[in-house]
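**Student:** Mind looking at a prediction? Sequence and model below.
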Amino acid sequence: MTVPRPAVLLLGLDGATFDVLEPLFQDGTMPFLAGLRDRAACGPLASTPHPISPAAWASAITGRQPGHHGVFDFVRVDQDNSRPAYTLVTSADLRCASIFEIASCHGRRVTALNFPCMFPPPQVNGVVVPGYVPWSYLGRAVHPREIFPRLKEEAGLDLRLLAVDWDMERRAIQGLPKDELARWAELHIIREEQWFRMTRFLIERCPADLTAVVFDGIDRLQHLCLHLLQLPAEDSDRASERARAMCIRYFRRLDEYLAELVALVGPDAYVLVVSDHGAQRAGDRIFYVNVWLEQQGYLRWADRVPTDEAGRLAMDGNTESTVLFNWAATTAAALTSSSNAIIIRRAERPGDPGIPPDRYIAFRDRLATQLLQATDPETGERIVERVLVRDEAFPGAACADAPDLTLKLKSPGFISVLRADATVRPRPAPYGTHHPTGIFMLAGSGVRATRSLAGLSVADVAPSVLHALGLPIPQDMDGKPALAAYEPSHLERHPLRSPQALSSVRRAGGAGPAGEYDPVAEADVMDRLRLLGYLE
Amino acid sequence: MTHIQYSMADFILGILRELTQDWTDLDLTEDCRLGELGLESIALVYLIAEVQHQYGLEDKLIRRLREVQADVRAMSVGDFAAFAAGAGADPAQTRVVIA
C-alpha cells in the first residue's frame, strides 16, 4: 500500500549565494525567502570541483559527482577525431539516473523545468521542459509532446521570451556596455515570469509529487551586475543606478514568484531552495592561457588567427575554438572558457600527433607544475592557485571524459581561450564569476530552523529530495540526505529507508540499475525500470 | 499498436514541419535548405543531436559533418538526410510507434 506523502518542491536558484541574498533579506527586497530561511534548515552548499552549472545541476539531480555522471561543461570534448572537437552536452551524456527518473520509476509523478542535460527529455511519468534549448526547438524538447500546445495556449506562454536567447547570451558573456545592463536585467525578469507561469500552470493543472524548476536569472545578472549589487555600489552614474534598480526589481519579483509557488504546493509540502554554485567578483586580470601554452611550446596557433584586444573570453557565434589551433603542432590547449580546462592531445596510435600513453603522466605533471609557477608579467603574481588533475578531481566511470587539467585562478574568473599580445591582460569592465559555495534551504514538517547545516555538497540535493519523497536512495549515490535538517523525533518516525540495492548508473545503451528492491513492489518497479530503459 | 517505418528524410521533414508550423506556410520538401527555415543556428545543433539520438548514431553524424567541414545551413533537407544515413543510420531500425 502506498502511504500518501507530502509533495516536494525543489526551487533551483542558479548562482544564488547568501552573500548577495542576505542584504536583500535585510532590506526587505525578498521578504518571503527571508521568512523561509528563518523557518528552514540552511547552510552553504559546496559545488562541484569546478563550479559550473551543467556539472553542478547534474550532480544535484543525480546525487553523483561529475566523475560518475559524466557532465563537466556545457560541451563534451571529443578527442577521437582527426582533430579535437566538441559538441553540446545532451541527456545522453548524463550517465546516471536523475531523481526525476528514479521517482518516476517508483510511480511518483514529476515535473522538471529548466534543468540542463535534459534534452532529449527522459520519458518520465510527468513533464520535462529542458533548459538551454532555443525557443525554435522547444516544441521537440518537451515531454510529453502533448503538453506543449497546452503550455502555449492554456498557460499563454511566449516561448521566445522563455527560452535562452543564445545570441544575447554570447554577447553578454563578453560583457555589455553600462547602458545595456538595465535591459539585461529586465530581460531576465521577463524570462523568469514565463518559467514561473509555466510552473504555476503545471502545479495547478498537472500536480506532481516532485516539482522542480531552475530560475537562472540570478547567475546571469551577477555575471554583469554583481558589482552593482554589492554595497556600497561601485558605480553611481545614471546607467548603473538604473541597472541596479532593475536588478533589485528582479529579486523582488523572484521573491513573489517563490512565495506563490510555495503557497500553491500547500503547507504540508517539503520545500528545498538550492543553488548550483555561488558568485563572487572576478579579478581584474584575464589569463589568456593559450597564449601562455604557446610561449611554453605546447601550442601553435593556426594561420591568421587574430589577436584579441577587447578582453574577450571566447569566440563569437557558433564557431568552435578548435579552429584556432594548428593541431599538428599542438599538444595542449584550452577549448572553452567556461571549463577553465586544458586538454592534452593524446596519440592513440604510434605516429599520431599528441602525447603517447607512456609519456602522458610525466607530460601532464610537468605542465601542471609549470602552470603553478606561471606569473603575471605585469604584477609578478602567480596566476594559477591550483591545478586539478583529472584522476584526482573527477574519479569515477566517466573520468576519462574529464578535462586533463582544470585551473583554479588566484584572481577568480574564467580563462580566455583567445589569442592576445600578452598572457594576462586587464579586464575591461567589472565582472562576476562563480564561487564554489552555493546555498541550501530545506523547510517542511519535522525540519528544525537552523542556519548552521554544515558539510553539505551539491550531490546531497538528490538524496535529500528522495528522502523527503519517502523513497529509498540508490546505494551508489555520492551524496547523503541532509538528515541534520530534521528534528530527531521526526527521524524516529520517518527513518531513512534502507539504501536501495539499485544502482543509479545507466548501462551502456541506456540500461542501468539492477538489484533487489522492496519485495512487495519489486515486480512493478522492475517493469517501470524496463520501460524507462534501466533494465534489459 | 502499429509500427510504421519512416525514411530518414521523412523523419527529418516531420521534425522540421513540427518546428516551423507556427511561423511558415512554406511547403517543406527535401529541396528546402536548412538555413532558410527561420530556425536559429543553434537549433540545427539540437536537430543533429536528436537525429543522432533517435538513430543510435552516438557522435557519428556531427563527426562526419565536421570532417567534411559541411555548412549545415546551406544543406538541403534531402542532402542532410542522406548525410545522416551515410553516417551509419539504418532507417529500418527506427520505427515510430502509434498507439
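**Tutor:** Looks like it came in fine.

**Student:** tell me the contacts of the closest residue to chain B within the stretch 151-300 of chain A?
**Tutor:** As assessed by CB to the nearest CB, chain B sits closest to A:W166 within the stretch 151-300 of chain A, at 4.8 Å. Every C-beta, even on glycine, is put in place using the N, C-alpha and C of the backbone. Contacts for A:W166 (CB atoms under 8 Å, 6 or more residues apart in numbering or on different chains) come out as A:134, B:40, B:42.

**Student:** now these in JSON lines, with secondary structure?
**Tutor:** Formatted as JSON lines, those follow (DSSP: H, G, I helix; E, B strand; the rest coil):
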{"residue": "A:P134", "secondary structure": "coil"}
{"residue": "B:E40", "secondary structure": "coil"}
{"residue": "B:I42", "secondary structure": "helix"}
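
**Student:** which one of those is nearest A:A362?
**Tutor:** Closest to A:A362 out of the contacts of A:W166 is B:I42 (40.2 Å), distances taken as CB to CB.

**Student:** What's the local residue count around the closest one?
**Tutor:** 20 (other CB atoms under 10 Å in any protein chain shown).

**Student:** Any idea how far stretch A:116-136 is from the middle of the chain?
**Tutor:** For stretch A:116-136, the separation from the chain centroid amounts to 15 Å (computed by CA atoms, centre = their mean, to the nearest Å).

**Student:** Show me what the mean pLDDT comes to for that stretch.
**Tutor:** Stretch A:116-136 carries an average pLDDT of 94.

**Student:** buried set for that stretch?
**Tutor:** For stretch A:116-136, burial by neighbour count (16 or more other CB atoms under 10 Å in any protein chain shown) applies to A:116-122, A:124-136.

**Student:** do the same with stretch A:361-374
**Tutor:** So for stretch A:361-374, counting by 16+ other CB under 10 Å, buried means A:363-364, A:367-368, A:371, A:374.

**Student:** Mind telling me the two of these farthest from one another?
**Tutor:** A:F363 and A:A374 (16.7 Å).

**Student:** From chain A, how far off is B:M75?
**Tutor:** 15 Å (CB to the nearest CB, to the nearest Å).

**Student:** how about low-confidence regions in chain B?
**Tutor:** Low-confidence segments of chain B (pLDDT under 70): B:1-6, B:89-99.

**Student:** before we move on, the earlier item: got the phi and psi for the residue of the stretch 151-300 of chain A closest to chain B?
**Tutor:** In terms of degrees, to the nearest 10, the main-chain angles of A:W166 are phi -60, psi -40.

**Student:** What confidence value was assigned to it?
**Tutor:** Looking at A:W166, its pLDDT is 74.

**Student:** quick one on the thing from earlier: relative to A:A239, which of the buried residues of stretch A:361-374 is nearest.
**Tutor:** Closest to A:A239, out of all of the buried residues of stretch A:361-374 and judged by CB to CB, is A:A374, at 36.4 Å.

**Student:** doesn't A:W292 make contact with the closest one?
**Tutor:** Yes: applying CB atoms under 8 Å as the test, A:A374 and A:W292 come out as touching, 6.0 Å apart.

**Student:** near chain B, which residues of chain A show up?
**Tutor:** Proximity of chain A to chain B is confined to A:78, A:81-82, A:85, A:87-88, A:90, A:92, A:119-120, A:133-137, A:139-141, A:166-167, A:317-318 under the rule CB under 8 Å from any CB of the partner chain.

**Student:** got the residues of chain B near chain A?
**Tutor:** Going by CB under 8 Å from any CB, the residues of chain B near chain A are B:15, B:18-20, B:38-43, B:45-47, B:49-50, B:53, B:59, B:62-63, B:66-67.

**Student:** Any of those buried? List them.
**Tutor:** Judged by 16+ other CB under 10 Å, buried ones among these: B:15, B:19-20, B:39-40, B:42-43, B:45-47, B:49-50, B:59, B:62-63, B:66.

**Student:** Mind telling me which residue is nearest the centre of chain B?
**Tutor:** B:I12 (3.5 Å; CA atoms, centre = their mean).
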